[in-house]
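Asker: What follows is a predicted protein model with its sequence.
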Amino acid sequence: MSTFTLEIVTPEHVVFTEEVNSLTIRGVEGELGILPGHIPFVTPLRVAPIEAKINGKTIAVAVHGGFAEVQGNKTIILAESAEMPEDIDLERAIAARERAERRLARGSQDRIDQRRAELALQRAVTRINVASSSK
């Protein structure tokens, strides 16, 4: 089966490097599937899980924004932050989701506070989905 290198990098460290069979990411234009030999491109990423298939097994990684660059036989995810399922504190993520939902329910006249709460909710839901998918 054909593979390509997937590298997930944050400003702090390399989160993941491995040969994968396929990759699903969520760019700003929608969901994208990447297979070996994909044409080169760069796209901004949404706060969402990415899923890599390795020999029939799916691995999810929580990615909180950034860019994906597909080049030849390598895809690099340059993420603002990224977490493997085993690094996510599920209880903390659930508490963060609840806080964000409360803030959004209260409403706010301040668009910045509203946007912060929306992003916090997206990050929390992404963490919960990734942590739950690994169990």
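Answerer: Done, it's in.

Asker: use CA for all of it now, contacts and neighbours both
Answerer: Will do.

Asker: Next up, identify which helix or strand Ile76 is on.
Answerer: Element membership for Ile76, per DSSP states H and E: strand 74-79.

Asker: residues in contact with that strand?
Answerer: Strand 74-79 has contacts (C-alpha atoms under 8 Å, 6 or more residues apart in numbering) with 4-11, 63-70.

Asker: buried sites along that strand?
Answerer: Lys74, Thr75, Ile76, Ile77, Leu78, Ala79 (16 or more other C-alpha atoms under 10 Å).

Asker: Run the chain-centre distance for it.
Answerer: Distance of strand 74-79 from the chain centroid (C-alpha atoms, centre = their mean, to the nearest Å) equals 11 Å.

Asker: Paired strands for it, with orientation please.
Answerer: Using DSSP bridges, the strands paired with strand 74-79 are strand 4-9 (parallel), strand 57-71 (antiparallel).

Asker: Remind me what the worst-scoring helix or strand of the chain on mean pLDDT packs against, helices and strands.
Answerer: Least confident helix or strand, the chain: helix 111-133 with a mean of 87, by mean pLDDT, DSSP states H and E. Using 3 or more C-alpha pairs under 8 Å, 6 or more residues apart in numbering; DSSP states H and E as the contact test, the elements touching helix 111-133 are strand 41-54, strand 57-71, helix 90-106.

Asker: Would you single out the least confident of these?
Answerer: The minimum mean pLDDT among those belongs to helix 90-106 (a mean of 90).

Asker: Phe16 contacts Thr10, correct?
Answerer: No - counting by C-alpha atoms under 8 Å, Phe16 stays clear of Thr10, with 9.9 Å between them.
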